[in-house]
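Visitor: my questions concern the predicted model and sequence given below.
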Amino acid sequence: MELGSPFMGQLMGLCATREWPNCPVTDRIFEWQGDLSPRSQSVPLRLAGALHALRLNGDAVLDAVYPPNAVSDDILWQAVSRTLCDQSPTIMTWLNSAPQTNEVRRSAALIAVGYFLADRFGLPIRTSELGASAGLNLQWDRYALEVSGQRFGPIDPVLTLRPDWTGPLPPKAQPNVIDRAGVDLNPLNPQSDALRLQAYLWPDQPERLRLTQAAIAAAQTPVDQGDAIDWLRSRLHHKPGELHMIYSTIAWQYFPADKQAEGTAAIAKAGEAATDDTPLAWFAMEADDQSPGAALTLRLWPGDLTIPLGRADFHGRWVHWAAP
């Protein structure tokens, strides 16, 4: 499977080809109005998240067939069909909400950008994350990046990321984040929403689950609720002796087009007032019309420079770094 989960490939393949049991969940999904695809309402992922949440909560039927167990298609579908009927009320609740994740491995790119900016400007950093979900990637400077035998990050990191890395290594100037904040239309609480944050991870990726659990345990910064662009306007003022780093990871692309235009104009206007003592950086890890993965793009002021930094896997499994 493209995203590295054979189990999800097996489960989704069965959902698409097998006969479903007669139960309320089946009726609801087959009568769903609108676009079920990942580009819209992501109904298959809602279902997968519901099933994984049940398993994480100790459901014996699913525990017997979910990874690390490997079972045949028939045995897996028998267990799923039974669960769809026996656990209909719980699954129906999960179907009410779109999936929401907070992929902590995307912080690998953020760490590299932080070191790049620290080397370029040598200033303390104030950060603003757009579409921050539960805020797990607000703590990127507390995580370590280990690539090509080199380590970037604090001596005692919350967690260590080891993506497949190609290209030059970041410089060694360690960033100093002195203020951080994030915003989301529907922010999650890392503690009370911990099950939700874990349920949308693939069941056969235990390392991904372990990293997320470590980030949840160490989360310290609540995410503000609101429209990202409206929120950002109040943070675009410059502070002498500080670099302001605005960033998003697979979030900007979901903003309405008019909000994207407003945000771009507001950031550019703030950039016009930036100086060497009050620089502004706007980093985006977002999908574009190329592949593989997402583009890593940095825009800097003063000077309004756009610097392509390479590409990264949507889930942070690899980084193709191309910083100058």
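Guide: Yes, it's here. Predicted, not measured: the structure shown is a model, and the values here were computed from it.

Visitor: I'd like the next helix or strand past the helix or strand that contains residue 285.
Guide: In this assignment (DSSP states H and E), residue 285 forms part of strand 280-286. As assigned by DSSP H and E, the chain's next helix or strand after strand 280-286 is strand 294-301.

Visitor: what is the burial count for the closest residue to residue 283 other than its chain neighbours?
Guide: Closest residue in space to residue 283, ignoring its immediate chain neighbours: residue 247 at 4.2 Å, by Cβ to Cβ, 6 or more residues apart in numbering. Using the backbone N, CA and C atoms, a C-beta is placed for each residue, glycine as well. Residue 247 has 27 neighbours, counted by other Cβ atoms under 10 Å.

Visitor: quick one: residue 247 is in a helix?
Guide: No: counting by DSSP: H, G, I helix; E, B strand; the rest coil, residue 247 is not found in a helix; it is strand.

Visitor: what about the strand holding residue 285, average pLDDT?
Guide: For strand 280-286, mean pLDDT rounds to 98.

Visitor: counting contacts, what elements does it pack onto?
Guide: Applying 3 or more Cβ pairs under 8 Å, 6 or more residues apart in numbering; DSSP states H and E, we find strand 280-286 packed against helix 107-121, strand 243-249, helix 257-272, strand 294-301.

Visitor: okay, the ones you listed in CSV with mean pLDDT next?
Guide: CSV is the format used below for those (pLDDT from 0 to 100):
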stretch, mean pLDDT
helix 107-121, 98
strand 243-249, 98
helix 257-272, 97
strand 294-301, 98
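
Visitor: what ranges of the protein fall below the confidence cut-off?
Guide: Residues of the chain meeting the criterion pLDDT under 70: 1-3, 39.

Visitor: close enough to count as contact, the residue nearest to residue 283 and residue 280?
Guide: No: using Cβ atoms under 8 Å, residue 247 is not in contact with residue 280, being 11.7 Å away.

Visitor: all strands for the chain, in order.
Guide: 125-130, 144-147, 150-152, 160-161, 164-166, 177-184, 224-225, 243-249, 280-286, 294-301, 305-312, 318-321 (DSSP state E).

Visitor: from those, which stretch is densest packed?
Guide: Greatest average neighbour count among the strands of the chain goes to strand 243-249 (a mean of 25), per mean count of other Cβ atoms under 10 Å.
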